[in-house]
Each structure stands twice: as C-alpha cells, then as structure tokens.
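Colleague: what shape does this take:
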Amino acid sequence: MSNAVSRLFKSRFGVRLAVPAVVAVGAVGTALIYPQVVSASVPSLAPKTPAQLIESALTPTGKIYSGTVVETSGLGLPSSLVNQLSGGSTSSGLSGLLTQALTSGVTANFWTDHSSSLRVQVPSSSGEFDVYASAGSVWEWDSATNTATNVKLPTGTQATSGTTSTTSTPPSPSTIADALLSHLPAGATVTVDSPQYVAGQAAYVLNLAPNDSSSLIGSVQIAVDASTGNVLGVWITPTGSSSVAFSVAYSAVSFTAPSSSVFSFTVPNGATVKTVTPSTALSPTGGSSTTTPSVTHKTIGSGFSTVEVISGLPQSSSSGSSTLMSGLLGSGTKVTTAIGSGTVVTTSVATVFVGDNGTVAFGAVPQSVLLADLGQA
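Modeller: Predicted coordinates:
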C-alpha cells in the first residue's frame with residue numbers, strides 16, 4: 001500500500017494497524033470453530049500488513065461467479081420471539097427463509113453473471129427454494145409446495161433490491177465486510193491472525209477490535225482470499241463473549257462464469273403458478289399501494305456505534321400480519337422516546353426500535369445508547 005493510502009486510513013479511521021507476534025486465534029482452533037468453511041490445514045503465505053489486506057478486501061481483482069454461502073446466527077433473540085418464529089419455520093418462501101436465517105442459519109447456492117442475471121437456491125429437507133432473476137423478470141420456485149411465483153416488474157426496470165429481494169450480485173461476505181471496514185471506529189485495533197484455507201482458498205485473516213465502549217460488537221474476523229482479495233468470510237463476536245453471534249462465509253467458490261442455461265427457469269408440469277407485482281408484494285396490507293410514503297433517513301454517531309434512523313415507513317400496526325414484525329412487537333419492550341412510543345428489541349450484536357409512528361432505528365449498540373440517540377433524530 002502506498003504511503004498516501006496508508007495515511008488516508010490513519011487519518012480517516014485513526015486505527016492502529018499491527019501484526020502481533022503471537023496470533024490471537026490458532027489455525028486448528030479456528031478450524032474447529034468454523035468446520036463448515038475452514039480447513040485445519042495452514043497455507044504458507046507471504047506476510048502482509050493489515051493496511052495491505054484492507055486495501056485488497058476493498059478492491060478485489062477477481063469476481064466470484066458461483067458458490068455456496070453458509071450463514072449462521074446466534075443473535076440471542078428473546079425466547080418469546082424465537083418460539084414464535086420457530087413456530088412458523090416450516091412456512092415456505094422468503095418469509096420462512098428469513099425466519100431460518102434469524103434463528104439458526106441458512107446455506108444457499110448461487111450463480112451470477114455480475115450483469116443482469118442471478119440464481120439463488122436454498123436446499124432443505126423438504127426440497128428447495130429458488131429465485132431466478134434476470135432483466136425485467138423474477139421467478140420464485142418452491143418445490144415443497146410445488147408453486148412457481150412470477151414477480152411482475154414495471155416495464156423498463158431491472159431485478160434490483162428496490163423492487164424485489166434479489167439483485168445480480170447476491171448478498172455476500174464482501175457486502176458485510178465493506179460496511180464494517182468503512183465504519184472502523186477511531187481507536188480500533190486491526191491485526192493479522194494465522195492464515196487459513198476458506199472454501200478451499202488460501203486466505204489471510206484480519207481481526208478487528210473496535211475498542212468502542214458504545215458498541216455491542218467485540219471483534220470481527222474477515223478472511224481475505226490471498227490470490228484475488230475477495231472476502232471469503234466474516235465472523236462477528238459480541239462484546240464480552242468468545243462465541244460468534246453471526247457469520248457469513250463461503251464453503252465453495254468458482255471464479256468461472258456459469259452457462260446462461262443456469263439462469264433459465266421453466267415451470268414444471270403440474271405446478272401451481274402465481275403472479276404478483278411489487279406493489280402487492282410490498283404493501284403492508286398485502287394489497288395494492290396507491291400512495292408512496294415520504295421516507296427519510298438519518299445517520300447518528302460513527303464507527304461501530306452508528307445508529308440508522310428511518311422515518312416515514314408504514315405504521316407498525318398496519319404491518320402486524322408479518323410473522324416477523326408481530327413477533328418483534330410482541331417480544332420487545334414498550335418504551336417512550338424523544339420521538340414517540342414504540343417497541344425495542346436487543347440482541348447480542350444489535351438493537352432495533354420500531355416506532356408506532358412509522359420510525360425504525362437500529363444499530364450495533366445497547367438499548368440505552370440507541371434510545372439516547374433518538375433524541376437527535
């Protein structure tokens with residue numbers, strides 16, 4: 001990394017970059033913690049500084065076109081919320097996957113052309129759930145219910161996260177790593193742990209210690225592919241704990257573009273076919289929305305104690321039919337804040353506030369910090 005770039009990191013983040021003489025996590029220990037994605041073997045890699053690895057992670061030289069992503073969750077959700085969500089864990093489609101992702105974890109296969117096409121496949125004991133997204137077309141296939149759903153997009157739009165749940169580049173470890181690296185708090189310590197094989201790739205391991213008393217995040221490990229700089233895995237550990245609360249990592253990757261046939265979907269014979277539009281799918285009541293709410297966004301604080309506040313969303317009472325929302329509202333604590341009353345739920349690494357007036361706030365901070373920040377909203 002050039003001296004100029006190095007000075008930029010130091011001036012922007014005020015972080016301490018160091019290579020410890022004794023690594024914090026041994027190779028065998030790391031492999032035992034993450035057996036699904038990390039090998040017990042240790043690659044032999046040339047030494048790199050934390051600054052060099054941060055630059056590599058933010059500017060990878062190769063593209064991952066397909067692979068398998070393993071997401072695990074131990075967020076410490078309130079037991080009442082877990083019980084309610086688990087009661088609906090057999091529900092099909094995206095709602096069921098969201099429940100599974102929040103309460104235990106999800107393994108998904110994906111293919112992308114990094115242009116206009118994406119396919120995501122989530123296997124389960126009862127079958128599989130697939131999303132096929134390409135220019136102007138989105139299909140969802142649920143083999144458990146033998147149902148194909150065609151999401152009709154407005155003419156001239158792409159299959160982006162603004163209209164449906166998919167994009168041509170799926171959520172990945174790099175998405176999370178980019179957000180974390182761009183919010184490194186002043187005073188954070190960044191070190192290099194022992195290298196690992198992740199998804200069969202030799203990788204360096206960055207260890208981030210935010211040293212932020214206002215944050216629920218105690219440490220973050222980021223695996224960076226030694227050859228391309230792609231982020232292969234992210235593991236987040238809460239303050240005061242040695243157990244990972246949330247992780248997203250590849251167990252397999254390919255740097256070769258897949259055949260276009262992978263993105264083609266044909267409705268199986270005998271399947272039930274449904275058609276929905278984004279307005280129907282996204283409306284809180286399940287019907288067509290005739291008005292567009294005036295949504296505003298504000299960021300309070302900095303670093304890992306940043307709080308995001310979104311105002312102008314549909315009021316929580318109108319979205320109570322959602323299993324997740326009703327479970328959240330039912331398991332949280334009713335509070336009165338500077339911007340009105342609402343419900344707050346705290347997990348091991350994040351706190352969420354859902355206001356009765358349509359305001360939502362969230363951050364990797366304790367409840368007291370988030371509620372105090374709402375006074376600045």
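
Colleague: show me where pLDDT drops low in the stretch 201-350 of the chain?
Modeller: Across the stretch 201-350 of the chain, the ranges flagged by pLDDT under 70 are 278-293, 314-330.

Colleague: equivalent analysis for the stretch 1-150 of the chain, please.
Modeller: Checking the stretch 1-150 of the chain against pLDDT under 70 turns up 1-40, 77-99, 103.

Colleague: recalculate using a threshold of 90.
Modeller: By pLDDT under 90, the weakly predicted segments of the stretch 1-150 of the chain are 1-43, 72-106, 115-116, 123-127, 134-137.

Colleague: how about the helices of it, start to end?
Modeller: Using DSSP state H, counting those that start in this stretch, the helices of the stretch 1-150 of the chain run over 3-13, 27-33, 50-58, 79-87, 93-103.

Colleague: then the third one to CSV, C-alphas only?
Modeller: Taking Å, rounded to 0.1, in the frame of the first residue of the first chain, the C-alpha atoms of helix 50-58 are listed here in CSV:
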residue,chain,number,x,y,z
PRO,A,50,-3.4,-5.0,7.9
ALA,A,51,-3.4,-2.0,5.7
GLN,A,52,-2.5,-4.1,2.6
LEU,A,53,-5.3,-6.6,3.4
ILE,A,54,-7.9,-3.8,3.9
GLU,A,55,-7.0,-2.4,0.5
SER,A,56,-7.2,-5.9,-1.0
ALA,A,57,-10.6,-6.5,0.5
LEU,A,58,-12.0,-3.2,-0.7
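
Colleague: tell me what that helix is packed against?
Modeller: helix 3-13, helix 173-181, strand 189-198, strand 201-209, strand 217-225 (3 or more CB pairs under 8 Å, 6 or more residues apart in numbering; DSSP states H and E). Backbone N, C-alpha and C define where each C-beta goes, glycine included.

Colleague: just give the nearest non-adjacent residue to residue 187, would you?
Modeller: Distances taken as CB to CB, 6 or more residues apart in numbering put residue 211 closest to residue 187, at 4.9 Å, once the chain neighbours are dropped.

Colleague: repeat that for residue 180.
Modeller: residue 220 (5.7 Å).

Colleague: so can I have CSV of the helices and strands packed on helix 50-58 showing mean neighbour count?
Modeller: CSV is the format used below for the helices and strands packed on helix 50-58 (neighbours: other CB atoms under 10 Å):
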stretch, mean neighbour count
helix 3-13, 13
helix 173-181, 20
strand 189-198, 22
strand 201-209, 23
strand 217-225, 25
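
Colleague: and these: which comes nearest residue 359?
Modeller: helix 173-181 (21.8 Å; CB to CB).

Colleague: and the angle for the closest one with strand 189-198?
Modeller: 170 degrees (axes from the mean of the first three to the mean of the last three CA atoms, to 10 degrees).

Colleague: list of residues touching helix 173-181?
Modeller: 54, 57-58, 60, 69, 208, 220, 222-223, 230-234, 248-250, 304 (CB atoms under 8 Å, 6 or more residues apart in numbering).

Colleague: tell me how this structure divides into domains.
Modeller: 3-63+173-244, 66-171+259-281, 293-376 (automatic domain parsing).

Colleague: where along the stretch 251-377 of the chain do the strands fall?
Modeller: For the stretch 251-377 of the chain, strands defined by DSSP state E, counting those that start in this stretch occupy the ranges 272-276, 296-300, 307-311, 333-337, 340-346, 351-355, 360-363.

Colleague: out of these, flag the one nearest residue 115.
Modeller: It is, among these and with distance given as CB to CB, strand 272-276, at 24.9 Å.

Colleague: got the buried residues for the closest one?
Modeller: residue 276 (16 or more other CB atoms under 10 Å).

Colleague: packing partners for it?
Modeller: Packed next to strand 272-276, using 3+ CB pairs under 8 Å, 6+ apart, are strand 147-152.

Colleague: in the strand it packs on, what's buried?
Modeller: 147, 148, 149, 150, 151, 152.

Colleague: burial of the nearest residue to residue 215 once chain neighbours are set aside, as a residue count?
Modeller: The shortest distance from residue 215 to any non-neighbouring residue, by CB to CB, 6+ apart, is to residue 304 (3.9 Å). Residues within reach of residue 304, counting by other CB atoms under 10 Å, total 25.
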